[in-house]
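>>> pasted the sequence and its predicted model underneath.
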Amino acid sequence: MQQRLWINWRSLARSTRGAEIAETAMILPLLFMMIMAIFWLFLYVFVNLTSILYLGALAINGLVGGESLHVVMIGLAIFAMIITLGGMKVIGFTDVIQVGVLIIGGLATTYLALTIVGDKFGFGPDAIAGFKVLLRDSPDHFKMILSKPAADAPQQYIDKYLVLPGIAMYFAGQWIVNLNYWGCNQYIIQRALAAKSVREAQKGIVLAAFLKLLMPVIIVLPGIAAVALAPNLARPDEAYPHLMAMLPTGILGLVFAALIAAIVASMGSKINSIATIFTMDVYRPLRPQASQQHLVWVGRTAAAAALLIAIVMAKPLLGSFDQAFQYIQEFTGFFTPGICVIFLLGMFWERCTAAGALVAAIGSFVLSCLLWRFWPTLPFMDRVGVVFLACLALAAVISLAQPRRESALRVELKQIDYSTSTGFNGRHDGGTLISSGMVPDCSVTTASPASYSPSNSASSCRCSSSRRSGASVATISPCISPSNSASSRASS
């Protein structure tokens, strides 16, 4: 059936019977799948992979003298390609080893930075005193909920507000951005989907969520300390490498090794996603007769090509931004609203159609571009929320305007058990209470290091699973093909 479908693609596309044949041949869902695959490839190569490579090389380059950025990038790319050949199992083992070292090194960096701050301001080598100094001298850096700037507000405060637009961002774009990254991102969900059982995947999710609660201490506090210790840095992205250089020799070497492992493992995961999506969602539909061995070589070629592009484009793309995290958010935010709409409607609304999903995907980019161009004062987080609501409405209208039809590509989700254990819920609720208490006391400020960390390798994501089969199953839209969905491809 599938082979015949692809053989007749061109003739069906030229047919004069229009919508009836298009529905019969399932051209629109397959076209949607192809568009989504190309979108993910573009995003992964030109945004995610380049960002990991550039930020990782920037951190390492700062620790080895600051004169070898391109050499470091090439070295990281070679190591990442090697580790990718071992598959997700090698990447997983690497993550398990390096994450503990990075946490210990991160806590040591925070303690040392606070100690130096206390000593610099005359309180002696005392971390608690250093923290009090930061609260006294930099209180604005501990605020996440900012008031709307007045007409005579300084430009620095206006820039901060455009990043953290008050309480509105929690009702607009904040949850959409997080849901997209942790729940709709193949790079992240492949970790949970590769688990040996549902329970193991849930345990990993809870552990990753608790580790994320340490990020304000490991990432944000050192960034605020850098304001006091190194106020004249050329770029905020240089703050964390500058602080790491203050570590004692033994700890520095250990953290340095773990940092390289984290960067290489993260790049390996991203390359694995790129190779899988290109091979299975772009190349294989065009060459359905290709052997498995041929597809493996196609995937390796795609991985090598992605690394070459990342090496060449990393500095031109990210070098002009004050913070690399701004680059990541600015460009992923153009697509994030549409992706969330597709997943939410695909999972929870049976009337969603491929045409509605396609309009949401394209509309997300078009509307984001229009708002970015003609309403530049609209904060990024608010823009994401506005575009999400618009795409949601467009997808619903288009879906309802089409007659209801059963598609052969439909995925039935009614038999999937989405429930979680009592222990999982308890740990989740505990983490929620802890994070709620931390919200007023931490923020990513314009002076802190980029909060995008190459060590974000733990997967805090949600996956649906069948309790009867005991195997993890991708949560994908019923509008698209379960075998070739770019948004749900899992590499086990």
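Okay, I see it.
>>> please, which helix or strand holds the residue sitting nearest the centre point of the chain?
Most central in the chain under CA atoms, centre = their mean is residue 181, positioned 4.1 Å from the mean C-alpha point. Secondary structure assignment for residue 181, by DSSP states H and E: helix 174-183.
>>> contacting residues around the residue nearest to the centre of the chain?
Residues near residue 181 by CB atoms under 8 Å, 6 or more residues apart in numbering: 188, 332. Placement of C-beta: from N, CA and C, glycine included.
>>> sorry, back to before: just want the angle from the helix or strand following the helix holding residue 181 to helix 174-183.
For helix 174-183, the following helix or strand on the C-terminal side (DSSP H and E) is helix 186-193. For helix 186-193 against helix 174-183, the angle by axes from the mean of the first three to the mean of the last three CA atoms, to 10 degrees is 60 degrees.
>>> report all helices and strands that the helix or strand just after helix 186-193 contacts.
Downstream of helix 186-193, the first helix or strand assigned by DSSP H and E is helix 198-212. Under the contact criterion of 3 or more CB pairs under 8 Å, 6 or more residues apart in numbering; DSSP states H and E, helix 198-212 touches helix 186-193, helix 422-438, strand 471-473.
>>> now the longest helix that the chain contains, how far from the centre of its chain.
Taking DSSP state H as the criterion, the chain has its longest helix at helix 87-120. Centre-to-centre, helix 87-120 and its host chain are 20 Å apart (CA atoms, centre = their mean, to the nearest Å).
>>> show me the contact partners of the helix or strand following that helix.
Once helix 87-120 ends, the next helix or strand along the chain (criterion: DSSP H and E) is helix 127-137. Residues outside helix 127-137 that contact it (CB under 8 Å, 6+ apart): 111, 113-119, 121, 123, 141-142, 221, 224-225, 228.
>>> got it, and stretch 330-340?
Here stretch 330-340 has contacts from 39, 43, 46-47, 173, 176-177, 179-181, 184, 360-365, 368-369, 372, 380, 383-385, 387-388, 390-391, 487, using CB under 8 Å, 6+ apart.
>>> from the chain's centre, how far out does it sit?
How far stretch 330-340 lies from its chain's middle: 11 Å, per CA atoms, centre = their mean.
>>> what of stretch 271-280?
The answer for stretch 271-280 is 16 Å, by CA atoms, centre = their mean.
>>> before we move on, the earlier item: may I ask which two of the contacts of helix 127-137 are separated the most?
The distance between the two most remote of these (CB to CB) is 21.2 Å, for 119 and 142.
>>> these two: which is more packed in?
Shown here are residue 119 and residue 142; by other CB atoms under 10 Å, residue 142 has more neighbours (17 against 14).
>>> surely that one meets residue 227?
No: between residue 142 and residue 227 there is no contact under CB atoms under 8 Å: 11.4 Å.
>>> show the low-confidence segments of the chain, by residue range.
1-29, 66, 319-327, 405-414, 416-418, 424, 427-492 (pLDDT under 70).
>>> quick one, strands of it?
With DSSP state E as the criterion, the chain has strands at 464-466, 471-473.
>>> okay, now residue 132: neighbour count?
Other residues lying near residue 132 total 16 when counted by other CB under 10 Å.
>>> swap in residue 68?
Counted with other CB under 10 Å, the neighbours of residue 68 add up to 14.
>>> next one: residue 93
Counted by other CB under 10 Å, the residues lying close to residue 93 total 12.
>>> list the contacts for the residue nearest to residue 252 when sequence neighbours are not counted?
Spatial nearest neighbour of residue 252, excluding adjacent residues (CB to CB, 6 or more residues apart in numbering): residue 244 at 6.8 Å. The contact partners of residue 244, by CB under 8 Å, 6+ apart, come to 59, 62, 63, 105, 109, 252, 255, 256.
>>> any chance of these in JSON lines, plus distance to residue 81 and neighbour count?
Output for the contacts of residue 244, formatted as JSON lines (distance: CB to CB, whole Å; neighbours: other CB atoms under 10 Å):
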{"residue": "59", "distance to residue 81": "20", "neighbour count": "25"}
{"residue": "62", "distance to residue 81": "24", "neighbour count": "20"}
{"residue": "63", "distance to residue 81": "23", "neighbour count": "17"}
{"residue": "105", "distance to residue 81": "26", "neighbour count": "22"}
{"residue": "109", "distance to residue 81": "29", "neighbour count": "24"}
{"residue": "252", "distance to residue 81": "27", "neighbour count": "17"}
{"residue": "255", "distance to residue 81": "24", "neighbour count": "21"}
{"residue": "256", "distance to residue 81": "21", "neighbour count": "18"}
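>>> what's the closest of the residues you listed to residue 289?
Using CB to CB, residue 59 comes nearest to residue 289 of these, at 45.4 Å.
>>> wait, doesn't that closest one sit right on residue 262?
No: contact status for residue 59 versus residue 262: not in contact, 10.0 Å apart, counting by CB under 8 Å.
>>> any idea how many residues pack against the closest residue to residue 314 other than its chain neighbours?
With sequence-adjacent residues excluded and distances taken as CB to CB, 6+ apart, residue 314 is closest to residue 54, at 4.0 Å. Residue 54 has 25 neighbours, counted by other CB under 10 Å.
>>> residue 54 touches residue 316, doesn't it?
No: Residue 54 lies out of contact with residue 316 (CB under 8 Å); the separation is 10.1 Å.
>>> what sits against residue 103?
By CB under 8 Å, 6+ apart, the contact set of residue 103 is 211, 214, 218.
>>> can you get me a residue count around the second one?
Right, the one you point to is residue 214. Around residue 214 there are 13 residues (other CB under 10 Å).
>>> measure the closest residue in space to it that isn't next to it in sequence to residue 109 for me?
Closest residue to residue 214 apart from its sequence neighbours, by CB to CB, 6+ apart: residue 103 at 6.5 Å. As defined by CB to CB, to the nearest Å, residue 103 lies at a distance of 11 Å from residue 109.
>>> any idea how far residue 243 is from residue 415?
For residue 243 relative to residue 415 (CB to CB), the value is 51 Å.
>>> follow-up on the earlier one: which residues are in contact with each of residue 103 and residue 109?
Common neighbours of residue 103 and residue 109, counting by CB under 8 Å, 6+ apart, are residue 218.
>>> quick one, helices of the stretch 301-450 of the chain?
Under the criterion DSSP state H, counting those that start in this stretch, helices of the stretch 301-450 of the chain are mapped to 324-332, 336-348, 354-374, 380-401, 422-438.
>>> using JSON lines, lay out the ones you listed together with distance to residue 236 and mean neighbour count.
Shown next, in JSON lines, are those (distance: least, CB to CB, whole Å; neighbours: other CB atoms under 10 Å):
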{"stretch": "helix 324-332", "distance to residue 236": "9", "mean neighbour count": "20"}
{"stretch": "helix 336-348", "distance to residue 236": "23", "mean neighbour count": "24"}
{"stretch": "helix 354-374", "distance to residue 236": "22", "mean neighbour count": "20"}
{"stretch": "helix 380-401", "distance to residue 236": "17", "mean neighbour count": "20"}
{"stretch": "helix 422-438", "distance to residue 236": "22", "mean neighbour count": "12"}
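>>> what's stretch 303-312 in contact with?
With contact meaning CB under 8 Å, 6+ apart, stretch 303-312 is reached by 44-46, 49-50, 53, 70, 73-74, 77, 80-81, 84, 271-272, 274-275.
>>> and the residues you listed, which are buried?
44-46, 49-50, 53, 73-74, 77, 80-81, 84, 271-272, 274-275 (16 or more other CB atoms under 10 Å).
>>> out of those residues, list just those in helices.
Among the buried ones among the contacts of stretch 303-312, the ones falling in helices (DSSP H) are 50, 53, 73, 74, 77, 80, 81, 84, 271, 272, 274, 275.
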